[in-house]
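**Q** Need coordinates for the below:
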Amino acid sequence: MGKLDRRVAIITGGGTGIGWNIALEFAKEGADVVISSRNMTNLEKVVEEIKALGRHSLAIAADVSVAEQVRSMVKQTVDKFGRIDILVNNAGILHSATLLEMTEQDWDEVLDINLKGVFLCTQAVARYMMEQRYGKIINISSIAGRGGGLDSCANYCVSKAGVIQLTKSSAFELAPYGININAIAPGTIPTDIDKRDKTPEQFRQFVEQRKTVAVLGKIGDTQDIANLALFLASDDSSFICGETIAIDGGRTDRM
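**A** This is a model prediction of the structure:
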């Protein structure tokens, strides 16, 4: 018997990286999983992987920054599965630029996806969870939102700090309805975003530098995030609410 037997989960940004690994981990533990992204690239492949694990799945193309598309995603989920038990707000983007070079479009798009998207998805799903008197919402933030910032990423850092505060505010409002809302703040977890615009040697140097600031002397991977997400999605975490949990190997520059 799995930790998520008969649960229904929505995972945004579920086609690659952290979202993909969370989707498979949930399916292994008995959940039926809906995955979404702004396009269908990779989603159908993940659906087949989930089905191979013996669970049902649905892929939905949706932009989490557009309220109508979010409502449609949630409605399709309820129409197919009858309920929503878990939401993982994982969709996120990064546009790097210095503060003086950052365009208004760079700012707006990152805030719209990374923060507004969490608000819209939480709002849409909460209406069903309140009726059920049960739900688990997991927001993927970042240690970049907890302090220290990142070079040339003001928009990203602000969006992830906003996710942490939205986690606290929404937990305060929705906890009386049996809804646990928490956030995960990953440290360095190499994904396609980190490899973008880097040569193999530059990426190697990036990884080695990040190892030096963690007390464990290493970086994490997407399975580490999936393991924590599973804990927060299961009833093992029933007394945890409104928290942001760092998973960064003990980053000495973020303590």
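**Q** Would you map the helices across the protein?
**A** 17-28, 43-52, 67-81, 104-111, 117-132, 154-174, 192-195, 200-212, 222-233 (DSSP state H).
**Q** What average pLDDT does the longest strand seen in the chain get?
**A** In the chain, with assignment by DSSP state E, the single longest strand is strand 179-186. Averaged over strand 179-186, pLDDT sits at 97.
**Q** and if you look at stretch 45-55?
**A** 97.
**Q** Can you give the contact residues for that stretch?
**A** Stretch 45-55 has contacts (CB atoms under 8 Å, 6 or more residues apart in numbering) with 14-15, 20, 23-24, 27-28, 30-33, 35, 56-59. Quick note: C-beta positions are derived from backbone N, CA and C, even for glycine.
**Q** list the contacts for I93?
**A** Contact partners of I93, counting by CB under 8 Å, 6+ apart, are E109, V110, I113, N114, I193.
**Q** Specify which member of these is nearest to I10.
**A** Closest approach to I10 among the contacts of I93 (CB to CB): I113, at 16.0 Å.
**Q** residue contacts, that closest one?
**A** D63, V64, S65, A91, G92, I93, S159.
**Q** other SSEs contacting the longest strand of the chain?
**A** helix 117-132, strand 135-140, helix 154-174, helix 222-233, strand 244-247 (3 or more CB pairs under 8 Å, 6 or more residues apart in numbering; DSSP states H and E).
**Q** Out of the ones you listed, indicate the one that is most buried.
**A** Most buried of these by mean neighbour count (mean count of other CB atoms under 10 Å) is strand 135-140; its value is a mean of 26.
**Q** just to revisit the earlier point, kindly reformat the helices of the chain as CSV containing distance to I10.
**A** Output for the helices of the chain, formatted as CSV (distance: least, CB to CB, whole Å):
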stretch, distance to I10
helix 17-28, 10
helix 43-52, 13
helix 67-81, 6
helix 104-111, 22
helix 117-132, 7
helix 154-174, 16
helix 192-195, 22
helix 200-212, 31
helix 222-233, 11
